[in-house]
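Chemist: Okay, here's the prediction I keep looking at, along with the sequence it came from:
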Amino acid sequence: MMELLEFSFMQRAILAALLVSIISGVIGSLVVINRMSFIAGGVAHGAYGGVGLAIFFGFSPLFGASFFALALGLSIAFLTQNDKRGLDATIGAMWAFGMAFGIILLDLTPGYRSDLISYLFGSILAVSDDDLKFILSTLVLALIFVVLFYRQIVAVSFDAPFARLRGVKSGFIYYAIVALVCLSVVAMIRVVGLILVIALLTIPPFIAQSFSLRLGSMMAFSSFLAVIFCALGLCLSVSYNLTSGASIIAVASVSFFIASLFRKYRTS
């Protein structure tokens, strides 16, 4: 295992795992406390339409997925911001549209792309320099947003009506969070894939929420947990020749069940 650290692909994989873990802690915490898990899941699966669009027209799948994810996420936010009654149906429709659109475009694209499976299930060992730049840019945007608007984020997340009465621009905060969720989903594609990205975005914050009293500590603790999950999953993937995304999420899921049992035992 140690000798693999000499290779550039392994160094990129470790750096990607670290950066994605921090994104998971910061943006995932906002997803959990704002109950946006279903929105994130819909965007994650719908972003496949952007992958298909990019491959069909011959440009970067990362750019295509980002554009499509933002379009879907902001559309969902616009349609459901003031009326959540149709949220499930809206997300379900856009989720299905994105996946179907992507599959159709890939069917119409001549040739065979062997790397398509990595967008569905992740391939952290195949992370490129461009992927790292995108992940780092997303992380920097997320950190700037949280630092600049931390108090407003807390106010909107825990009591949006009161925040509006106090003059907080809750609409801007809501749209900004959704946009960052969309970019975070795309940033995690190469690590765990579109199918499993929602798990990495929500499991560490779910666990951290039970042991944190403030949003900031929740973000820090969930980032730490995500680092552990990614590191253990990467070790399993390399040692036993397993799919990297599935290995990471398997570790995270087992940890979630253990934490849930511990919480139940502690409160009983």
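Modeler: Received the coordinates, thanks. Numbers count the residues shown, from 1 in each chain.
Chemist: Please compute how far stretch 182-197 lies from its chain's middle.
Modeler: Stretch 182-197 sits 5 Å away from the centroid of its parent chain (Cα atoms, centre = their mean, to the nearest Å).
Chemist: Lowest-scoring secondary structure element of this protein by mean pLDDT?
Modeler: The helix or strand of the chain with the poorest confidence is helix 116-121; it has a mean of 76 (mean pLDDT, DSSP states H and E).
Chemist: Can I get the next helix or strand after that one in CSV? Just the C-alpha atoms.
Modeler: Using DSSP states H and E, the helix or strand that follows helix 116-121 in sequence is helix 129-148. The C-alpha trace of helix 129-148 is given here as CSV (Å, rounded to 0.1, in the frame of the first residue of the first chain):
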residue,chain,number,x,y,z
ASP,A,129,-5.9,17.3,-12.6
ASP,A,130,-9.0,19.0,-14.0
ASP,A,131,-11.2,17.1,-11.6
LEU,A,132,-9.0,18.2,-8.7
LYS,A,133,-9.2,21.8,-9.9
PHE,A,134,-13.0,21.6,-10.0
ILE,A,135,-13.3,20.0,-6.6
LEU,A,136,-10.9,22.6,-5.1
SER,A,137,-12.9,25.5,-6.7
THR,A,138,-16.1,24.1,-5.3
LEU,A,139,-14.6,23.8,-1.8
VAL,A,140,-13.3,27.4,-1.9
LEU,A,141,-16.7,28.7,-3.0
ALA,A,142,-18.4,26.8,-0.2
LEU,A,143,-16.0,28.0,2.5
ILE,A,144,-16.3,31.6,1.3
PHE,A,145,-20.1,31.4,1.4
VAL,A,146,-20.2,29.9,4.9
VAL,A,147,-17.7,32.3,6.3
LEU,A,148,-19.4,35.4,4.8
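Chemist: Go through helix 129-148 and flag the buried ones.
Modeler: Across helix 129-148, burial judged by 16 or more other Cβ atoms under 10 Å covers 131, 132, 134, 135, 138, 139, 141, 142, 145, 146. Where C-beta positions appear, they are placed from N, C-alpha and C, glycine not excepted.
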